[in-house]
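Undergrad: Sharing a model that was predicted from the sequence below.
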Amino acid sequence: MRAVSGTRRTAAASAALSLQKGFENVKALPFSEMPGPQWPVVGALPAFMSYGFSRLHEYYRTSYEKYGLIWNGSIMNEPTVILSEPREMRKVFQQEGRYPRGLVSDAWFLHHMNAKLKLPGSKLIEDGPNWHSSRQKLQKDIFGVATASSYCEPVTQAAEMVMESLEQRTRSGQQVDLRDLIVNAVADVFTAAMLGRPLGVSAGRATEEEQQWVENGMKSIGLTAQLTLQPHLKLWPEASATYRELERREVSMRKTTKDLVFETLARYENYEGPEEDLPYVVRVWRRKEFSEEDFPMEVHGIVLAGLDTTYHILLWNMLNLGRFPEAQESLRKEVDEVLGPTAHFTRDKLSEMPYLKAFMRETHRFSAPAPVFSIRFAEEDMTLCGYEVPKNCRIVMTSEGLQNDPQLVDEPEKFLPERFLPDQVQARKNDPLKSILDHKLLSGPFSFGPRMCMGARLADMEIMTLMAKFTSRFYFELAPNQSWQDRMQTAKAPDPIPTLNFTVRNP
Ligand code: HEM
């Protein structure tokens, strides 16, 4: 095995030096010289398998420490590099053409399933003009800041319903299951925006089929994440239990999505009020740009993209609030001051809530649920971090190692939201190394460019609304004797999910 072949720098120590100097004047070395765990034929497969999917974050973190800012993670002759340098990531996004391939276009298993079962699928997982046309039609009513803000009221009302049901359970002394609480909260605020009514899963008012739909949505996206990161399974998908489970859940879920879409359209058939009070699904349908057959499947793709992702980000934020009481108190103070006793969130308040933003940013650094925040493919031969990267090479972008590198981040093992408050960001602005932490491409989990997450602003709003309300209405802390391991299940999650004890704040 060429453990670290042709390495010019073998560890994060020299990564820091490279980060300071940049790669402008470096003569590029051939791809074959890039460090990485490359075995003949199978490439990085043995290294990947020694961690397995469940410890992918550790694989990326230790590989960053071993190989630095870029390393060769190719498996079975599919050229793949793992990149941690934000300025070099910018080069990747700059070379994107009109039709970039993104994380979802690597979804070979969905193409396989749609063809095999003769199911219509979302065009969002396609590439080229098909993807572009679908994306243009679907993003009009969700992507822009102002458009996303127009869902603030239904999201806030649904969040209020979640709080009321939690308050009732807390008062009657019921133990709160953190996973259920957060899955249900996310499903209710999401469906409030998408369908114009929260399903009511938090309050136990949803039908069994709707509950199953939420659970399938949670599981399916996790399964797709596992399959995306294991391209070798495409040789024989049916041999993989992960693929078989995905197929089963998808078939059931697509039927319910279709029913929910048409039930929503019927509910708003005679509606003549303001456009901005309509749910997302109705706004898009009224543009008359989709056929009856295609539309539910496009909505389905969005549901898949929007549930489990939001759950994981909110889960880690809640967990960090629960285990760092001082930070929880600081957030509560800000929520009280800016939003008042009802904690009624409106989008224009965001600029007045620097602590909430800093808290979420620190969660993204300290316990990022997704070790991979984007995948792109080199459109042409290019140079990254001083190595030649061939056309069509998969470029996996991660901030897992870099954001926890003690040379960039002071006391990285401590959870300190203050490090992202404007004065501290300003103070390190002229430090060529430490200011890299504030590079835009490390700032969030939504990726960038034309294929950036379409629901980023809605997701942020859902999470901020729920965090503000939870903190305003409850005190909560980690129950005694909780321990867990971080495991990639769907994204990275604590296993087992710890217990938080909630107390109503104003009994
Ligand atoms: C905190 C929660 C979320 C996270 C972390 C997240 C993250 C991401 C990421 C990393 C991508 C891939 C971008 C790429 O290819 O580079 C993506 C794509 C996408 N997301 Fe999200 N997402 C979240 C919530 C949502 C929500 C709530 C919706 C819908 C309302 C949504 C809709 C989509 C869609 C449709 C795509 C595919 C875009 C395309 O390929 O053109 N996401 N998301």
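TA: Thanks, I have the structure now.
Undergrad: tell me the mean pLDDT over the longest helix along the chain?
TA: If you go by DSSP state H, the chain has its longest helix at helix 241-267. What helix 241-267 shows for mean pLDDT is 95.
Undergrad: anything in it near the ligand?
TA: No: Helix 241-267 stays clear of the ligand (C-beta under 6 Å from any ligand atom), getting no nearer than 13.3 Å. Placement of C-beta: from N, CA and C, glycine included.
Undergrad: Run through the neighbouring helices and strands of that helix.
TA: Helices and strands touching helix 241-267, by 3 or more C-beta pairs under 8 Å, 6 or more residues apart in numbering; DSSP states H and E, are helix 108-117, helix 208-228, helix 280-286, helix 294-306.
Undergrad: Now with 6 Å, please.
TA: helix 208-228, helix 280-286, helix 294-306 (3 or more C-beta pairs under 6 Å, 6 or more residues apart in numbering; DSSP states H and E).
Undergrad: how long is stretch 477-495 from one end to the other?
TA: Stretch 477-495 has an end-to-end distance of 18 Å (C-alpha to C-alpha, to the nearest Å).
Undergrad: list the buried ones in it?
TA: Buried residues in stretch 477-495, defined by neighbour count with 16 or more other C-beta atoms under 10 Å: Glu477, Leu478, Arg487, Met488, Gln489, Thr490, Ala491, Lys492, Ala493, Pro494.
Undergrad: count of neighbours near Thr310?
TA: The number of residues packed near Thr310 is 24, by other C-beta atoms under 10 Å.
Undergrad: Quick one: the strands in this protein, in order.
TA: 70-72, 80-83, 374-377, 382-384, 387-389, 394-397, 474-478, 485-488, 492-495, 500-504 (DSSP state E).
Undergrad: With respect to Thr156, which of the ones you listed lies nearest?
TA: strand 474-478 (16.8 Å; C-beta to C-beta).
Undergrad: how close does the nearest residue to Phe23 once chain neighbours are set aside get to the ligand?
TA: Leaving out its chain neighbours, the residue that sits closest to Phe23 by C-beta to C-beta, 6 or more residues apart in numbering is Gly386, at 5.0 Å. Gly386 sits 24 Å away from the ligand, going by C-beta to the nearest ligand atom, to the nearest Å.
Undergrad: Find me the pLDDT at the nearest residue to Ser134 once chain neighbours are set aside, would you?
TA: In this structure, Ser134 finds its nearest non-sequential neighbour in Lys123, 3.6 Å apart by C-beta to C-beta, 6+ apart. With respect to pLDDT, Lys123 scores 88.
Undergrad: Repeat that for Thr224.
TA: Thr224 is given a pLDDT of 87.
Undergrad: Next up, the contacts around it.
TA: Shown in contact with Thr224 (C-beta atoms under 6 Å, 6 or more residues apart in numbering): no residues.
Undergrad: count of neighbours near the residue in the chain positioned nearest to the ligand?
TA: Closest to the ligand within the chain is Gly455: 2.1 Å, counting by C-beta to the nearest ligand atom. Around Gly455 there are 23 other residues, counting by other C-beta under 10 Å.
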